[in-house]
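S.K.: predicted model, plus sequence, below.
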Amino acid sequence: MPYDWTTPPATGAGELHLWPHQSLTPQGYVGFLTATAVLIALPLFVLLGSVLLWGLLPFIAMALFGVKFALDRNRAQSQVLEVLTLGPEDATLVRRDRTGERLWSCNRYWAKVTLHRHEGPVPNYVTLKGEGREVEIGAFLSEDERKALFDDLKNALQKQ
């Protein structure tokens with residue numbers, strides 16, 4: 001699962017880290033770009049020494065850079081880390097992504113976790129509410145993972 005309790009909430013306090021799925025490793029990134037370049041270049045060997053090769057090279061370069069741009073953008077958008085810290089008296093959620101850091105904090109006694117089965121933007125949408133503010137948590141998780149996260153958070157917030 002793409003979340004883990006780094007400090008288990010067994011004693012009432014704990015720290016939860018959440019991150020999106022990242023199936024492409026740095027080695028896979030290089031391998032995919034290399035394989036794409038090789039597969040695109042294979043049919044061009046027939047055109048070596050031809051004027052037609054020079055006409056096709058800009059389009060092939062644009063295709064490779066387009067694939068690289070898409071992979072880089074996907075990697076940048078998936079660099080998200082959410083850290084929920086449950087202290088003895090307070091609950092704090094910090095979301096770090098490429099746009100910066102956002103913070104939500106409230107008294108743990110008033111913190112409430114809610115599972116919106118059909119009302120949210122996605123099925124089984126999980127939110128934390130406290131001090132007049134409601135924030136989403138784990139929006140990048142799959143539907144089943146959000147259900148499991150809701151159960152974990154509900155149990156963790158009940159332990160005081």
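M.R.: It's in.

S.K.: assign a three-state SS to the residue nearest the centre of the chain, would you?
M.R.: Residue closest to the mean C-alpha point of the chain, counted by Cα atoms, centre = their mean, is P20 at 2.5 Å. Assigned by DSSP: H, G, I helix; E, B strand; the rest coil, the conformation of P20 is coil.

S.K.: what sits closest to it if chain neighbours are left out?
M.R.: Leaving aside its chain neighbours, P20 sits nearest to F140 (4.0 Å; criterion: Cβ to Cβ, 6 or more residues apart in numbering). C-beta coordinates here come from the backbone N, C-alpha and C atoms, glycine included.

S.K.: what residues are up against that neighbour?
M.R.: Counting by Cβ atoms under 8 Å, 6 or more residues apart in numbering, F140 touches 2, 18, 20-21, 78, 80.

S.K.: just the strands from this protein, written as ranges.
M.R.: The residue ranges that make up the strands of the chain, judged by DSSP state E, are 3-7, 14-18, 81-86, 90-97, 100-107, 112-116, 125-130, 133-136.

S.K.: any idea how far T36 is from the residue nearest to P20?
M.R.: When distance is defined by Cβ to Cβ, to the nearest Å, F140 is 26 Å away from T36.

S.K.: buried residues in the longest helix along the chain?
M.R.: In the chain, ranked by residue count with DSSP state H as the criterion, the top helix is helix 51-77. With burial defined by 16 or more other Cβ atoms under 10 Å, the residues of helix 51-77 counted as buried are L71.

S.K.: right, and V122 touches E143 too?
M.R.: Yes. Taking contacts as Cβ atoms under 8 Å, V122 lies within contact range of E143: 7.3 Å.

S.K.: looking at those two, which is more packed in?
M.R.: Taking other Cβ atoms under 10 Å, V122 and E143 do not tie; V122 has more neighbours (15 against 10).

S.K.: hang on, the earlier thing: okay, the residue nearest to P20 and L81: tell me how far apart.
M.R.: Taking Cβ to Cβ, one finds F140 at 11 Å from L81.

S.K.: between those two, what contacts are shared?
M.R.: L18.

S.K.: mind showing which ranges of this protein have poor pLDDT?
M.R.: Counting by pLDDT under 70, the chain shows low-confidence ranges at 1, 12, 160.

S.K.: tell me how it divides into domains.
M.R.: For the chain, the domain assignment from automatic domain parsing gives the residue ranges 3-21+81-158, 26-77.
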